[in-house]
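A.B. asks: any chance you can model this:
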Amino acid sequence: MPIKIFKTLGISIVIIVISFFSVRYYIYNAGKRDIQSEDTAFAVSSKAIVTEFTSNTAASNKKYLEKPIAVSGIVTSVSDKEVILDNSVNCNFLTASNSLKKDQKVTIKGRVVGYDDLLGEVRLDQCNLFK
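C.D. replies: I've put the predicted structure just below:
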């Protein structure tokens, strides 16, 4: 009788572990979106979006969060895969962009991932130059 209990318990543990890793794999790999192929939900300037987030973060999160937007502004910093517009919009590119230069006016498309109220920055990921 005890061997049957241990066998059942062992099989149950194996099933739980396999289920856990299957769900984890799905969450991290199957849910990826291709932001560049989606239509932009909004086109705004970097200063306008920061003003919106500063004045009402909750409403701005509801409006912009997880949506593809086009943000225009002047490049103030470029480092590897990170570009900052007007010292207030942090754009993380999928690949390093060698064509961007400081003080260049650009429009960048990306997904809004949040607002960092400590630094006063709107954060975008999956960014690319918007044409």
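A.B. asks: where does this protein dip in pLDDT?
C.D. replies: Along the chain, segments meeting pLDDT under 70 span 1, 27-32.
A.B. asks: please enumerate the strands of it.
C.D. replies: 42-45, 68-79, 82-85, 89-93, 105-116, 121-129 (DSSP state E).
A.B. asks: Tyr64: what's it in contact with?
C.D. replies: 41-42, 49, 52, 112 (CB atoms under 8 Å, 6 or more residues apart in numbering). Placement of C-beta: from N, CA and C, glycine included.
A.B. asks: residues in contact with the spatially closest residue to Phe130 that is not a sequence neighbour?
C.D. replies: Distances taken as CB to CB, 6 or more residues apart in numbering place Lys109 nearest to Phe130, at 3.9 Å, with adjacent residues excluded. By CB under 8 Å, 6+ apart, Lys109 lies in contact with 35-36, 40, 68-71, 127-130.
A.B. asks: and of those residues, the nearest to Asn87?
C.D. replies: Val71 (13.3 Å; CB to CB).
A.B. asks: tell me how many other residues surround the closest residue to Asn87 other than its chain neighbours.
C.D. replies: What sits nearest to Asn87 in space, not counting adjacent residues and going by CB to CB, 6+ apart, is Thr76, at 5.0 Å. The number of residues packed near Thr76 is 15, by other CB atoms under 10 Å.
A.B. asks: I'd say Thr76 and Leu85 touch.
C.D. replies: Yes - using CB atoms under 8 Å, Thr76 is in contact with Leu85, at 6.7 Å.
A.B. asks: sweet, I'm off.
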